[in-house]
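Student: fold the following.
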Amino acid sequence: MIAGLVSAAALRRQSQEQLAGTHAQWRRQLRRDAYVAFMSAAHDFQAKARSVSPLLGGNQLEPVQLGIAGLRSAEEALLERAQIVDLEAPIQVADAVTDLLARAKQVVVDASIWLELAERGNTTLGAHHRRFAEDRDAFAQCVRLLRDAIRHDLE
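Tutor: Numbers count the residues shown, from 1 in each chain. All right, here's what the predicted structure looks like:
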């Protein structure tokens, strides 16, 4: 009878350990899926920012308007996917996401300021184009830092 109780306790403990392992694996997969979706949106934003940059050197406003609309749409996708990452990720990854989102916002603001000044006929657009390029490059650095934080989390 004692052997049966010990055996039952061992089986219960083994079952609980297996359940905990399965749960941890499931949580890791949720985080990974959230990371993949967010990084995909970040790369999309990055591509849109790269496509807007040469337009800021020109004098046609309509392509810039369309480019900024694309940037805003890509920023919305980032914000949407960030909500899931924020729920699932450890603080280091969440902080990196926050930094990336702030930089994305600045890229959109820089392009919007350029457009507003161009529509007013302002001729000092070069400084704003440079600011856009600097923030676009800083966004790329945020993507690299986030990727490193994600890799560390998933190891």
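
Student: tell me the helix or strand right after the strand or helix carrying residue 116.
Tutor: Element membership for residue 116, per DSSP states H and E: helix 91-119. Beyond helix 91-119 in the direction of the C-terminus, DSSP H and E gives the next helix or strand as helix 125-154.

Student: next, the angle from that next one to helix 91-119.
Tutor: Using axes from the mean of the first three to the mean of the last three Cα atoms, to 10 degrees, the direction of helix 125-154 lies 160 degrees away from that of helix 91-119.

Student: mind listing what residue 111 touches?
Tutor: Residues in contact with residue 111, defined by Cβ atoms under 8 Å, 6 or more residues apart in numbering, are 52, 56, 64, 67-68, 71, 132. In short, each C-beta sits where N, CA and C put it, glycine included.

Student: distance check, it against residue 117.
Tutor: 11 Å (Cβ to Cβ, to the nearest Å).

Student: from residue 108, how far out is the residue nearest to residue 105 when sequence neighbours are not counted?
Tutor: Spatial nearest neighbour of residue 105, chain neighbours left out: residue 75 (6.9 Å); criterion: Cβ to Cβ, 6 or more residues apart in numbering. With distances taken as Cβ to Cβ, residue 75 is found 5 Å from residue 108.
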